[in-house]
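Asks: I would like the atomic coordinates for the input below:
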Amino acid sequence: MSRDSWIAGGLFALGFAILGASYLSGTNGVSAQVQDTGGPYLVIEVAGEAAGEIVIDLRDDVAPQHAERLIALAEAGDYDGVVFHRVIEGFMAQTGDVRHGLHGQDISRAGTGGSDMPNLPAEFSQLPFDRGVVGMARSQDPNSANSQFFIMFAPASHLDGQYTVVGSVVSGMEVVDAITRGDPARNGLVAEPDRMERVTVRR
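Replies: As a prediction, the model looks like this:
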């Protein structure tokens, strides 16, 4: 995976950031569209300004390869300590750069890396990007998702069918809402980001 491909993804996300500003939501809790399908679950212990537990119901029925990737990285401990490097108010919080996003190290390149495993083919579905939905980040190549993912603060229908939906938050949306926001002028890059202190899998 080249650094340029992830830079392209960041620039691609800039357009979404602009569009995302129109999706501000004042609602609390998880979208009524989000349903618990019975797991497997990704359990994220968040540390920093936001603190608490986020539980994500992984949709291995519609995105089996992406769900398995998140499970594999979590079980290997690769997500532990990884920061929420891009957080855009009213849009989404992005994390999962296991190569460049580790808390306590130089995170200036966070968002440009992935894991040592190969990129994944897209598993697009009819599931909408509602509040609480978890999508896989990618570059302009639809088949470039790897380890990074994002959690929606609010609905964003312009993402529907363009990114792989890998799950949804079924508990801890208040923790998601508390994640430190980034600088709008820098496409949501966060100077002092919160982090995934520990990520486990519950089956």
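
Asks: can you pull out the helices in this protein?
Replies: Counting by DSSP state H, one finds helices in the chain at the ranges 3-20, 64-75, 173-177.

Asks: where's the spatially most central residue of the chain relative to V166, distance?
Replies: Nearest to the mean C-alpha position of the chain, by CA atoms, centre = their mean, lies F150 at 1.7 Å. Computed as CB to CB, to the nearest Å, the F150 to V166 distance reads 10 Å. All C-beta spots, glycine's among them, are computed from the backbone N, C-alpha and C.

Asks: overlap in contacts of those two?
Replies: V134, G135 (CB atoms under 8 Å, 6 or more residues apart in numbering).

Asks: what's the span of stretch 153-166 from first residue to last?
Replies: The stretch stretch 153-166 measures 16 Å between its terminal residues, going by CA to CA, to the nearest Å.

Asks: Enumerate the positions of it that are buried.
Replies: F153, A154, P155, A156, L159, D160, Y163, T164, V165, V166 (16 or more other CB atoms under 10 Å).

Asks: Give the burial count for H66, as a bare number.
Replies: For H66, the neighbour count with other CB atoms under 10 Å is 26.

Asks: which residues touch it?
Replies: So H66 contacts L120, E123, M136, A145, T164, V166 (CB under 8 Å, 6+ apart).

Asks: Now do the residue nearest to it when sequence neighbours are not counted, the pLDDT please.
Replies: Spatially, and ignoring its direct neighbours in sequence, H66 is nearest to V166 (4.4 Å; CB to CB, 6 or more residues apart in numbering). Looking at V166, its pLDDT is 98.

Asks: Please tell me how far the nearest residue to V134 once chain neighbours are set aside sits from G182.
Replies: Leaving aside its sequence neighbours, V134 sits nearest to G167 (CB to CB, 6+ apart; 4.3 Å). Computed as CB to CB, the G167 to G182 distance reads 23 Å.

Asks: So between those two, which is more surrounded?
Replies: Using other CB under 10 Å, the more surrounded residue of G167 and G182 is G167, with 30 against 22.

Asks: returning to what we had before: ok, the residue nearest to the centre of the chain touching R138?
Replies: No - counting by CB atoms under 8 Å, F150 does not reach R138; the two are 10.4 Å apart.

Asks: Might you list the low-confidence residue ranges for this protein?
Replies: Residues of the chain that meet the criterion pLDDT under 70 lie in 1-34.

Asks: give me that answer again for 50
Replies: 1-27, 32 (pLDDT under 50).

Asks: Return the distance of D183 relative to I88.
Replies: Distance of D183 to I88, computed by CB to CB: 10 Å.

Asks: Compare the two (neighbour count), which wins?
Replies: Taking neighbours as other CB under 10 Å, D183 and I88 compare with I88 leading, 25 against 13.

Asks: L70 reaches L42, doesn't it?
Replies: Yes - the criterion here is CB under 8 Å, and L70 meets it with L42 at 5.7 Å.

Asks: Now do the shared contacts for those two.
Replies: Jointly contacting L70 and L42 under the rule CB under 8 Å, 6+ apart are L58, G167.

Asks: what's T180 in contact with, if anything?
Replies: Here T180 is in contact with G48, E49, A50, F84, V87, V190, E192, P193, D194 (criterion: CB under 8 Å, 6+ apart).
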